[in-house]
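Trainee: Could you work out the structure for the sequence below:
(one chain, ligands or ions: 1)
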Amino acid sequence: MTNYKRRISLIKDDITKLNVNAIVNAANSKLAGGGGVDGAIHRAAGTELAIACSLLNGCPTGDAKITQGFKLPAKYIIHTVGPVWRGGNSNERELLESCYKTSLDIAVQNNVSSIAFPNISTGIYGFPKKEAAELAIKTVVDFLNKNQLPEEVIFVCFDDDNYNIYNELLK
Ligand code: AR6
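Mentor: Below you'll find the predicted structure:
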């Protein structure tokens, strides 16, 4: 069939440690830093990241913006804003799909060859994990089938639930 499978991998790790071209941050619309993976990324990247984010005028839900990685091993951070889960009738699925798609578009524009995604919206924002994983994988596979870059996409899970869901879906 297609060769997308060897371009996708799954790990259980702290995304801030990864030596990739770009990591994706599950940010808020003010790009103001916060808890979860956003908090971990800001702590690891250092205070220059907050300064860079403050110059971006925020980011609408479903969209993404890029900064340098500062103290991270990753060269870039692509900040995307996932939807808050409000029961499923508030465009949550389309917005989450747009987070993955827009982040990948920005990766291509910046010649990113390897990119790592956290499980956007599945923490504090409450998106059901299985549905989020199905949507994330489908969006990434569709994109890879149409684009040469990024060469490699890594799904980074932090909690066991998400890791087990992705492991099952990517078999
Ligand atoms: N590396 C990889 N994944 C992580 C890490 C880490 N270091 N830490 C947490 N996760 P969340 P959201 C996983 O809550 O739901 C912030 O306050 C975690 O297990 O970080 O999109 C922002 O400022 C979960 O699966 O993001 C926003 O206000 C996933 O990251 C809000 O949270 C996403 O959980 C965004 O909420």
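Trainee: Can you give me the first-to-last residue distance of stretch 123-136?
Mentor: Length of stretch 123-136, first residue to last, C-alpha to C-alpha, to the nearest Å: 15 Å.
Trainee: And the contacts of it?
Mentor: Taking contacts as C-beta atoms under 8 Å, 6 or more residues apart in numbering, the residues outside stretch 123-136 that touch it are 26, 34-37, 82-85, 92-93, 96-97, 100, 117, 119-122, 155, 161-162, 165-166, 169. In this view, the C-beta of every residue, glycine as well, is placed from N, C-alpha and C.
Trainee: surely residue 7 meets residue 148?
Mentor: No. Between residue 7 and residue 148 there is no contact, the gap being 9.9 Å when judged by C-beta atoms under 8 Å.
Trainee: Same drill for those two, tell me which one is more crowded.
Mentor: Per other C-beta atoms under 10 Å, whichever of residue 7 and residue 148 has more neighbours is residue 7, with 18 against 9.
Trainee: The more buried one and residue 157, how far apart?
Mentor: Taken as C-beta to C-beta, to the nearest Å, the spacing of residue 7 relative to residue 157 amounts to 18 Å.
Trainee: Return the residues of this structure in contact with the ligand.
Mentor: By C-beta under 6 Å from any ligand atom, the part of the chain that sits against the ligand consists of 14-16, 26-28, 34-38, 40, 82, 118-125, 156, 158-159, 162.
Trainee: From those, list the buried ones, please.
Mentor: Among the residues of the chain next to the ligand, those that count as buried by neighbour count (16 or more other C-beta atoms under 10 Å) are 15-16, 26-28, 34, 36-38, 40, 82, 118-123, 125, 156, 158, 162.
Trainee: In strands, which of those appear?
Mentor: With DSSP state E as the criterion, strands contain 26-27, 156 from among those.
Trainee: Could you give the number of residues near residue 108?
Mentor: Using other C-beta under 10 Å as the criterion, residue 108 is surrounded by 14 other residues.
Trainee: ok, and the closest non-adjacent residue to it?
Mentor: Using C-beta to C-beta, 6 or more residues apart in numbering and skipping residues adjacent in sequence, the residue nearest residue 108 is residue 149, 4.9 Å away.
Trainee: tally of neighbours for the one you found?
Mentor: Residue neighbour count, defined by other C-beta under 10 Å, stands at 18 for residue 149.
Trainee: Is it in a helix, a strand, or coil?
Mentor: Reducing the assignment at residue 149 to three states with DSSP: H, G, I helix; E, B strand; the rest coil gives coil.
Trainee: What pLDDT is listed against it?
Mentor: We have a pLDDT of 98 for residue 149.
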